[in-house]
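Just to be clear, the model below is a prediction. Sequence and coordinates:
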Amino acid sequence: MHPSTRLVIWFLVLVAIQGLDGSLLVAALLILPFFGRGALRRCGQLIRGARWLLLSVFVILAWGSAGDPVWAGMMAPSHEGLLDASTHVGRLLLVLMAVAVLRERMPMADLLTATHRLLDPLRRGGLDTDRGLVRLLLVLHYLETMPRPRDWRQLLEPPASSGQREIFELTDRQLSSRDYWIIVVAVAGFLPLFCYWQV
């Protein structure tokens, strides 16, 4: 299967995550251990990096939504707010899990090939997709290799230049007819779910 096909399916999974709630959401969260220790470790790193965002979303939705209070008294979140907050935080966790699995299962060379092939139609509109692609990959590379600073001011300092050039390999190849059929079937299977969520 072409890397672009896998990336399209991954994007569809990200969109499908936004429609999960309740027991389906819990079941999806319990799937991560089946992807191996590497995905679990990478997911844990992403969750630690986004912990304040997750906490902020939970607090804002749980205490900012109208509804029946969980307990009598001040500073009580609402039942509806807690349910809404848990759903949204669960979806964010699933997105982080999907990113971790993608980075664990798809090497950087395949990710580069997939993104290059999917952005290729934009080149006809005059956009420099190669420059944007390299910048995206550099951001991903620095996010994974940047040491955790003890002081937030270290993030504002320019990175130390080692004088070595970084090389990204691009093994570009065309999508086969099988890949096109897989993409069409995946999109066609997703459209009824999307229409159902919109009703």
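Arrived safely.

can you dump the C-alpha coordinates of stretch 15-31 into PDB?
The C-alpha atoms that make up stretch 15-31 are tabulated as PDB, following Å, rounded to 0.1, in the frame of the first residue of the first chain:
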ATOM      1  CA  VAL A  15     -12.300  12.900  11.300                       C
ATOM      2  CA  ALA A  16     -14.200   9.800  12.500                       C
ATOM      3  CA  ILE A  17     -12.800  10.300  16.000                       C
ATOM      4  CA  GLN A  18     -14.800  13.600  16.300                       C
ATOM      5  CA  GLY A  19     -18.000  11.600  16.100                       C
ATOM      6  CA  LEU A  20     -17.200   9.100  18.900                       C
ATOM      7  CA  ASP A  21     -18.700   9.400  22.400                       C
ATOM      8  CA  GLY A  22     -19.800   7.100  25.200                       C
ATOM      9  CA  SER A  23     -18.900   3.500  25.200                       C
ATOM     10  CA  LEU A  24     -17.400   3.700  21.700                       C
ATOM     11  CA  LEU A  25     -15.000   6.400  22.800                       C
ATOM     12  CA  VAL A  26     -13.900   4.300  25.800                       C
ATOM     13  CA  ALA A  27     -13.400   1.200  23.700                       C
ATOM     14  CA  ALA A  28     -11.300   3.200  21.200                       C
ATOM     15  CA  LEU A  29      -9.100   4.500  24.000                       C
ATOM     16  CA  LEU A  30      -8.500   0.900  25.200                       C
ATOM     17  CA  ILE A  31      -7.100  -0.100  21.800                       C
END
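
From the rest of the structure, what touches it?
Among residues not part of stretch 15-31, those counted as contacts by C-beta atoms under 8 Å, 6 or more residues apart in numbering are 87, 90-91, 93-95, 97-98, 190, 193-194, 197. Just so you know, the C-beta spots here come from the backbone N, C-alpha and C atoms, and that holds for glycine as well.

State the pLDDT value of Phe149.
Not Phe; residue 149 is Pro. As predicted, Pro149 sits at a pLDDT of 56.

lowest confidence element among the helices and strands of this protein?
helix 129-145 (a mean of 72; mean pLDDT, DSSP states H and E).

next SSE after that helix?
helix 177-198 (DSSP states H and E).

could you give me the average pLDDT of that following helix?
On average, the pLDDT along helix 177-198 is 81.

Please spell out which residues along that helix are buried.
Taking 16 or more other C-beta atoms under 10 Å as the neighbour-count basis, helix 177-198 is seen to contain the buried residues 179, 182-183, 186, 190.

and what of stretch 102-121?
Neighbour-count burial for stretch 102-121, counted by 16+ other C-beta under 10 Å, picks out 102-104, 106, 110-119.

And stretch 28-45, by the same measure?
By neighbour count with 16+ other C-beta under 10 Å, stretch 28-45 contains the buried residues 28, 32, 35, 39-40, 42-43.

low-confidence ranges in this structure?
Within the chain, the segments meeting pLDDT under 70 span 140-172, 196-199.

Mark out where each domain of it begins and ends.
The domain map for the chain lists 1-12+109-146+169-199, 31-106, with the assignment taken from automatic domain parsing.
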